[in-house]
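Undergrad: any chance you can model this:
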Amino acid sequence: MTYSRRKIVAAAAGLVGSLAGCSSGGNGGEGTATSTATATEEPTATATATPSGPPEDAPTFTVTNENKTFIPMVAEVDPGTVVEWTTESLSSHSVTSMYPSASESGRRAWNPEVASEWEMNEDMGGEPVTHYFPEPGVYEYKCNYDFGHIGGCAAVVVGDQDYDQEMLPCEPQ
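TA: You can find the predicted model right below:
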């Protein structure tokens, strides 16, 4: 059953009127009930909120974790692209964002002068993980399990940005 705003307001006004009739006006239960129903205006159109996710026709770019290395290590995509990370490895891997500013988590970007703020901290299991990149920027990330002792670092470069693989602190494994 669908309720319109007008039906809900009318029902509420009827309920208020009924309750007012049940109250005593402080004169021994012989109070007079008054009910005033006012007509409501048609609702005004409001702007539709911008969806937080990607449009249905957004392009997808796939990054694969192979041999503990993100392929490609620098993914160059257009704004409005969904990046999907996959792995066929049996070991654990993650996509963990790095920040240009100091953070409590210690995930400081390697190139803070060009890196963009973003939030991602997902383990890749049997299912791919995705992130929508609507704005141009450089989005650095690492694998929590592989970074440090081996490769496991990469970046998504959205739009026309000056960034290449030499700016990363690790090399393909």
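Undergrad: pretty sure residue 67 is in contact with residue 173, am I right?
TA: Yes - if you go by Cβ atoms under 8 Å, residue 67 and residue 173 touch, sitting 5.3 Å apart. The way it works is simple: take the backbone N, C-alpha and C, and place the C-beta from them, glycine included.
Undergrad: among the helices and strands of the protein, which has the poorest mean pLDDT?
TA: The least trusted helix or strand in the chain, going by mean pLDDT, DSSP states H and E, turns out to be helix 5-22, with a mean of 42.
Undergrad: in whatever helix or strand comes next after it, what counts as buried?
TA: On the C-terminal side of helix 5-22, the nearest following helix or strand under DSSP states H and E is strand 60-66. Within strand 60-66, the residues that qualify as buried are 63, 65, counting by 16 or more other Cβ atoms under 10 Å.
Undergrad: do the same with stretch 126-136
TA: 128-134.
Undergrad: quick one: low-confidence parts of the chain?
TA: The model of the chain has pLDDT under 70 over residues 1-52, 102-105, 148-149.
Undergrad: how's it carved up into domains?
TA: Structurally, the chain divides into domains by automatic domain parsing as follows: 1-38, 60-167.
Undergrad: need the residues that contact stretch 138-151.
TA: The contact list for stretch 138-151 (Cβ atoms under 8 Å, 6 or more residues apart in numbering) reads 65, 68-70, 73, 91-98, 107, 109-111, 114-116, 118, 120, 133, 152-158, 161, 163, 168, 170-173.
Undergrad: burial of residue 77, as a residue count?
TA: By the measure other Cβ atoms under 10 Å, the count of residues near residue 77 is 18.
Undergrad: repeat that for residue 86.
TA: So residue 86, with other Cβ under 10 Å, has 17 neighbours.
Undergrad: all numbers from here: first residue = 763
TA: From this message on, residue numbering opens at 763, which makes the last subject residue 848.
Undergrad: right, and residue 816 touches residue 842 too?
TA: Yes - Residue 816 is within contact range of residue 842, at 7.2 Å (criterion: Cβ under 8 Å).
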